[in-house]
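A.B. asks: need coordinates for the following:
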Amino acid sequence: MGRKQRLKELTIKDNFMFGAVMMDEDNCKGLLERVLELPIERVEISREKSIIYHPEYKGVRLDVYAKDESQTRYNVEMQVEKKPALGKRSRYYQSQMDMEMLLAGEDYAELPNTYVIFICDFDPFGKGKYRYTFQTTCRESPKADLEDGRTIVFLNAHGKNESEVPKELVTFLNYVKEDLAGSEKEFHDPYVEQLQKFVRNIKKSREMEERFMIFEEMLKEERAAGREEGIVTGRAEGLIQGKIETARETLLLFLQSFGAVSKELSEQIQKQENLETLKQWTQIAFQSKSLEEFTEKIK
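C.D. replies: Here you go, the predicted structure:
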């Protein structure tokens, strides 16, 4: 068993440190401006969606969720190891943003633009690009624009096309890929210097040290539970149970946009073991305008 990592040993590409750094609105704003090459007046971070601020949150969530003055939504995540189905993972994140806004009463026509951004310490597509940007295009007529407002960006810290992207973005990605010693060197960039200073302050914080310890324990428990479930029920059943847990948590998250969910309703959802029923309830939630209406429809 490997030893526990300490907060002082983390760099910005560690998920915990990245989430802590990007909870600062100036840091997040600077990142988005470099990635998208768009001027942003201000950003607002949704702290309640981060495990760093809610360590009791069931399941590990470390992406950064923000919106700007135009109500554009951003979901940013650090990826150190290549995981399968990154494209479908981005699809899931975008659907989460859309569903949250629709539940809040937004009309389809009023849905704001959304950006899902993955910062990768590897080349996700093997083409040597620092940045891969995806938007919906028409196969038959490339000039036809669907105008669905969705953009997915994959950043590659090991890109090779420096002449095609801004120098500031390359410098930031060079900082991301460095190890602990390399992350402290001089990058001659004001934004990176700002991040370095922020990281140092986090490492000095007793509160953040405690949060990191809680986070490490949660990861340990989650992995142990996954191993035990896999041994007892088999991998296939474990995957199904994982989907049920995700469906419950997603439904409860949707319902919270209406207000505080009662203990009775929360327990009813947590006790539900049928995945198809949970999916039906989620669909009902989309069509409801209040917790009372939802509760009445699922009786």
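
A.B. asks: mind listing the strands for the stretch 51-200 of the chain?
C.D. replies: Under the criterion DSSP state E, counting those that start in this stretch, the stretch 51-200 of the chain carries strands at the ranges 64-68, 73-79, 114-120, 131-134, 150-156.

A.B. asks: how about low-confidence regions in the stretch 51-200 of the chain?
C.D. replies: Applying pLDDT under 70 to the stretch 51-200 of the chain flags the ranges 51-62, 104, 106.

A.B. asks: tell me where it has helices.
C.D. replies: All helices of the stretch 51-200 of the chain, identified by DSSP state H, counting those that start in this stretch, fall at 86-103, 167-177, 190-204.

A.B. asks: list the buried ones in the shortest one?
C.D. replies: Spelled out, it's helix 167-177. Glu168, Leu169, Val170, Thr171, Phe172, Leu173, Asn174, Tyr175, Val176, Lys177 (16 or more other CB atoms under 10 Å). (C-beta placed from N, C-alpha, C; glycine too.)

A.B. asks: hang on, the third one packs against Glu162?
C.D. replies: Yes. Between Val170 and Glu162 a contact is recorded at 5.4 Å, counting by CB atoms under 8 Å.

A.B. asks: who touches both of these two?
C.D. replies: Shared contacts of Val170 and Glu162 (CB atoms under 8 Å, 6 or more residues apart in numbering): Tyr130.

A.B. asks: quick one on the thing from earlier: to Ala247, which of the helices of the stretch 51-200 of the chain lies closest?
C.D. replies: helix 86-103 (12.4 Å; CB to CB).

A.B. asks: quick one: contacts for the closest residue to Val192 other than its chain neighbours?
C.D. replies: Closest residue to Val192 apart from its sequence neighbours, by CB to CB, 6 or more residues apart in numbering: Tyr175 at 4.9 Å. Neighbouring residues of Tyr175 by CB under 8 Å, 6+ apart: Ile12, Ser183, Phe187, Asp189, Val192, Leu195, Gln196.

A.B. asks: go through stretch 12-25 and flag the buried ones.
C.D. replies: For stretch 12-25, using 16+ other CB under 10 Å, the buried residues are 12-24.

A.B. asks: average model confidence for that stretch?
C.D. replies: Here stretch 12-25 scores 92 as its mean pLDDT.

A.B. asks: export the contacts of Tyr175 as a markdown table, with columns for distance to Arg34.
C.D. replies: Formatted as a markdown table, those follow (distance: CB to CB, whole Å):
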| residue | distance to Arg34 |
| --- | --- |
| Ile12 | 14 |
| Ser183 | 17 |
| Phe187 | 13 |
| Asp189 | 10 |
| Val192 | 10 |
| Leu195 | 11 |
| Gln196 | 15 |
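
A.B. asks: most neighbours of all those, which one?
C.D. replies: Leu195 (25 neighbours; other CB atoms under 10 Å).

A.B. asks: tell me which of the buried residues of stretch 12-25 fall in helices.
C.D. replies: Among the buried residues of stretch 12-25, the members falling in helices (DSSP state H) are Asn15, Phe16, Met17, Phe18, Gly19, Ala20, Val21, Met22.

A.B. asks: quick check, nearest of those to Ser257?
C.D. replies: Gly19 (22.2 Å).

A.B. asks: any idea how far the closest one lies from Asp189?
C.D. replies: Computed as CB to CB, to the nearest Å, the Gly19 to Asp189 distance reads 22 Å.

A.B. asks: also Ser141?
C.D. replies: According to CB to CB, Ser141 and Asp189 sit 41 Å apart.

A.B. asks: give me the neighbour count for Ala134.
C.D. replies: Slight slip there: residue 134 is Phe, not Ala. Around Phe134 there are 13 residues (other CB under 10 Å).

A.B. asks: ok, and the closest non-adjacent residue to it?
C.D. replies: Ile152 (4.4 Å).

A.B. asks: tell me the centre residue of the protein?
C.D. replies: Asp63 (2.5 Å; CA atoms, centre = their mean).

A.B. asks: how much space between that one and Thr114?
C.D. replies: Counting by CB to CB, the gap from Asp63 to Thr114 is 13 Å.

A.B. asks: overlap in contacts, these two.
C.D. replies: Counting by CB under 8 Å, 6+ apart, the residues touching both Asp63 and Thr114 are Asn75.

A.B. asks: contact partners for the residue nearest to the centre of the chain?
C.D. replies: Listed by CB under 8 Å, 6+ apart, the contact set of Asp63 reads Gly19, Lys49, Asn75, Val76, Glu77, Tyr93.

A.B. asks: reformat those residues into a markdown table and put distance to Arg34 next to each item.
C.D. replies: Conversion of those to a markdown table gives the following (distance: CB to CB, whole Å):
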| residue | distance to Arg34 |
| --- | --- |
| Gly19 | 18 |
| Lys49 | 23 |
| Asn75 | 17 |
| Val76 | 12 |
| Glu77 | 16 |
| Tyr93 | 20 |
